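Everything below, folded, please.
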Amino acid sequence: MLLILVASMSILVFIEESSLAKFFSASTADFSDSVSSSEQRETKIDWFNQDEWKSNRQTKNCVVLEDICHSSQRWFHRPGSIASQSSPQIILDRLFRSETRAFIEPKTGYPYNVTIETRMDENLKCTESSIINHFVLSGSFAYMLGEFYARVLLGLYQLLSEMKTTQIDTDAFRESTQLYLHIVEPRKTLLDSHSTFTEAFRGGRPLLDFKDLLHPTECQCKKRLILCGYSQRKSGNQTIIFPSGSVGTDKWHEASFVGLRNHLRRKTILSNPLIQEQIERSKKEILKSYNVTESEWKDWSIVGLAQRKLRRKWKNIEDVQRYCNQNLRKYNMVCVQVYVDDEESNPYWQVVRHGVLDVLIGIHGAQLTEAIWMKPGALVLELLPFVPKERKVGQWTRTTDSPTPLGVIYHKTDLNHIGYPLDQTSLTDDCSKAPPSELNKCYGYGHMWDNRNFLASPSVVTEAVLRFHSKETSTLCQDWQNKSAGEYVLYSVNCRDAPDKEITPHHFYWPKDKK
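Here you go, the predicted model:
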């Protein structure tokens, strides 16, 4: 995926170290004089309600800090505030860690912890941010898009949905909030898709990196710093705050994933005529390139084959695409390759390209997260990477008795999600023919499932599309089960139990002993 650089931002300005030695006014009255006239003109809309926040069960993994000032890695309470007079010392702990070990990586220059001091030398003059709420989100493996969606974005949606005064579909939250993402792996940075997925919550403001708060900056104070995805504990006269793993307290449930998908599509696509127009234009351009006449465009479907450029490359994707187009054209379908890590890609392009697709097929991984932009009734075929039964690491990518860690985001939505477990022949090296006793050696360090390229049979891909997406596809659940033929896992499909019943999401998992 493309990396998005957010090291520069309007509210954090690089300055010379010597300029930090400014007089800091201790009185509240004098402090307010340092606010610029442009900041004073900013509309002050504060959605935060203390009582409602405390009663919200989704805020248990959140910490609210009032009147926090900082200059680079020096953090302290605003002089004269209640917090500076009554709060115990606060330590933001375990902020960054090595990607492979639990301890801090000194080479990155990012601190293991930051102490919020109760007092500060009166030699700084600070400005106050024109934005009321600075909202920091954190979650385990947030640099991976699927994990970010399930651990961070879902929790934010759950939290805001339960707050009446926030009114998630209005501008109250967006107008007074700056969002940050805290990725604890110090060498990982924000992705384009992090920005795309948070757009519905932040309006025109950019998504910023938590690291930006630690860069050399002018002294600035914030009315409220909200940390979600964190835990806290008391240690003597100190409060220790550290990343906890997820924003929300609920792991997940279908109602929330349905609501989150609908919210993102409504804010990003359905309320934006320009995006809708571009999706329609993109579909026409694709079909035109396949010599489909204009009068037929509305009757054709587009099948996307998700390719990656770095890890887990689909090695025979050209053969699959060729076979797919040869065998599906007579059913009014064309097959195209879709990249999410293309150098020419951007968030806007990802929304448009996936908004065009009727089917998306790809290996288990973050690139399939973009399927949430697809239209209702679209089909997602998740290819499950081959992992020997003896290897515990990676088995979660092949779960067939419940959704995969990625597949939960489609659970009981209006998308149809099915899976196909790849076998040993999908491997692209000598391990494809290795005896069972040698397979463990094939999956040593650096050669795990996530670093392996793969092959997928062209017939498997084509058969899946014909069985589950052609015009002849039945809406009866029993027909879906019959067509799966014990080969495809029906994780979440929209079908009806009987001809006179409504179409609703169903799932048909495999027994635990079957892979």
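
The stretch 1-150 of the chain: strands as residue ranges?
62-71, 74-77, 89-92, 114-117, 127-128, 133-138 (DSSP state E, counting those that start in this stretch).

List the contacts of K512.
D401 (Cβ atoms under 8 Å, 6 or more residues apart in numbering). C-beta: built from backbone N, CA, C; applies to glycine.

From W300, how far out is K288?
From K288 across to W300, the span is 11 Å (Cβ to Cβ, to the nearest Å).

Those two - which one has more neighbours?
Set side by side, K288 and W300 show more neighbours around W300, with 17 against 12, by other Cβ atoms under 10 Å.

Local confidence estimate at I226?
For I226, the model assigns a pLDDT of 97.

How about it, nearest residue that isn't a chain neighbour?
Spatial nearest neighbour of I226, chain neighbours left out: F135 (4.7 Å); criterion: Cβ to Cβ, 6 or more residues apart in numbering.

try Q276
Q276 sits nearest to I269 (Cβ to Cβ, 6+ apart), 6.4 Å away.

My reading is that the one you found lies in a helix. Confirm?
Yes: applying DSSP: H, G, I helix; E, B strand; the rest coil, one finds I269 inside a helix.

Let me see the contact set for it.
I269 neighbours (Cβ under 8 Å, 6+ apart): 275-276, 279, 351, 355, 373.

Now, of the residues you listed, which are buried?
Using 16 or more other Cβ atoms under 10 Å as the burial test, the contacts of I269 include 275, 279, 351, 355, 373 as buried.

Okay, helices next: where are they in the stretch 151-300 of the chain?
154-161, 172-175, 192-202, 254-265, 273-289 (DSSP state H, counting those that start in this stretch).

Hmm, I typed the wrong one, I wanted the stretch 351-500 of the chain.
436-442, 458-469, 477-484.

and the closest residue to E147 other than its chain neighbours, how far is that from L406?
The shortest distance from E147 to any non-neighbouring residue, by Cβ to Cβ, 6+ apart, is to F141 (4.0 Å). Relative to L406, F141 is positioned 12 Å away (Cβ to Cβ).

neighbour count winner among those two?
Neighbour totals were compared for F141 and L406, and L406 leads with 25 against 19 (other Cβ under 10 Å).

show me what contacts the closest residue to the more buried one other than its chain neighbours?
Nearest non-adjacent residue to L406, counting by Cβ to Cβ, 6+ apart: G146, 4.5 Å away. The contact partners of G146, taken as Cβ under 8 Å, 6+ apart, are 365-366, 368-369, 405-406, 409.

low-scoring stretches of this protein, by residue?
For the chain, applying pLDDT under 70 flags the ranges 1-44, 82-87, 99-106, 119-122, 165-167, 169-170, 250-255, 342-345, 445-446, 513-515.

Domain-wise, how is it divided?
17-35+57-243, 272-508 (automatic domain parsing).

Could I get the full set of strands for the stretch 251-400 of the chain?
Going by DSSP E, counting those that start in this stretch, the stretch 251-400 of the chain shows strands at 301-307, 333-339, 359-363, 379-384.

possible to save those as JSON lines with distance to L95?
Below are these laid out as JSON lines (distance: least, Cβ to Cβ, whole Å):
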{"stretch": "strand 301-307", "distance to L95": "34"}
{"stretch": "strand 333-339", "distance to L95": "33"}
{"stretch": "strand 359-363", "distance to L95": "33"}
{"stretch": "strand 379-384", "distance to L95": "34"}
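
Select, out of the ones you listed, the one closest to H70.
In terms of Cβ to Cβ, the element of the strands of the stretch 251-400 of the chain nearest to H70 is strand 333-339, at 39.2 Å.
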